[in-house]
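K.L.:
Take a look and give me a structure for this.
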Amino acid sequence: MAGLSRSARQKVADEALLRSLFREHGGAMLAYAYRLIGDRAAAEDVVQEALVRAWQHPDALVNGRGSVRGWLLTVVRNLVTDRARARASRPLEVAEPPVEAAVAHDHADGVVNSLVVGAALGRLSAEHREVLEQIYLLGATASEAASALGIPLGTVKSRSFHALRALRAFLPGLEAGLERSVS
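P.N.:
Got it, this is the predicted structure:
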């Protein structure tokens with residue numbers, strides 16, 4: 001050590017001090033922190049921070065004001081208390097949904113499609129529109145639509161076929177959504 005500069009000797013001494021403190025008191029510090037927190041990773045973080053505080057204030061360890069272990073455990077308790085207070089003063093953290101979930105629940109496309117389909121439905125004749133409303137909007141079967149509209153079943157099937165064909169001409173990009181069989 002004679003060939004080392006003063007700062008290099010200090011660094012070696014600091015490292016030796018921290019290793020010694022951890023070897024002698026690290027187990028007790030970790031056990032105490034874990035008992036207070038209940039989370040091993042968080043307890044390890046607290047012990048690490050307590051050792052940094054010991055490194056920053058080496059005079060507190062050697063000036064004879066009490067036991068080194070007592071001082072270190074007090075630092076651990078204070079750090080745990082500070083963490084709890086900081087967590088209590090912040091609002092609860094809410095995890096953001098994954099990007100895929102946010103996109104899957106995005107209703108903008110549905111709104112646009114509704115407007116476009118609504119405009120296309122407005123271009124159909126009233127008879128064709130009534131049949132599609134019964135089948136697609138109200139969920140009626142072809143027989144139920146015929147009964148509700150007071151027209152024969154064959155007429156419902158014919159009108160729905162021609163109405164869908166007209167919609168496909170108005171909406172070439174939305175064909176997949178209109179592929180529902182009429183029974």
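K.L.:
make it CA atoms for all contacts and neighbour counts henceforth
P.N.:
Noted.
K.L.:
confidence score at the spatially most central residue of the chain?
P.N.:
Against the mean C-alpha coordinate of the chain, by Cα atoms, centre = their mean, the closest residue is residue 96 at 2.9 Å. Note for residue 96: predicted pLDDT of 70.
K.L.:
Any buried residues in stretch 78-92, and which?
P.N.:
Neighbour-count burial for stretch 78-92, with 16 or more other Cα atoms under 10 Å as criterion, is recorded at 79-80.
K.L.:
For residue 47, see how far away the residue nearest to the centre of the chain is.
P.N.:
Going from residue 96 to residue 47 by Cα to Cα, to the nearest Å gives 31 Å.
K.L.:
And for residue 14?
P.N.:
For residue 14, the distance to residue 47 - Cα to Cα - is 17 Å.
K.L.:
out of those two, which sits in the busier spot?
P.N.:
residue 47 (29 against 16; other Cα atoms under 10 Å).
K.L.:
next one: the helix or strand encompassing that one to chain centre, how far?
P.N.:
Using DSSP states H and E, residue 47 falls within helix 40-56. Distance of helix 40-56 from its chain centroid, counting by Cα atoms, centre = their mean, to the nearest Å, is 29 Å.
K.L.:
List of residues touching it?
P.N.:
14, 17-18, 21-22, 26, 29-30, 33-34, 37, 60-61, 72, 75-76, 79-80 (Cα atoms under 8 Å, 6 or more residues apart in numbering).
K.L.:
Please repeat the previous calculation with a cut-off of 6 Å.
P.N.:
Identification of contacts with helix 40-56 by Cα atoms under 6 Å, 6 or more residues apart in numbering yields 33-34, 75-76.
K.L.:
Next, format those as CSV and append distance to residue 53 and pLDDT.
P.N.:
Formatted as CSV, the contacts of helix 40-56 follow (distance: Cα to Cα, whole Å; pLDDT from 0 to 100):
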residue, distance to residue 53, pLDDT
33, 15, 91
34, 19, 92
75, 8, 91
76, 10, 93
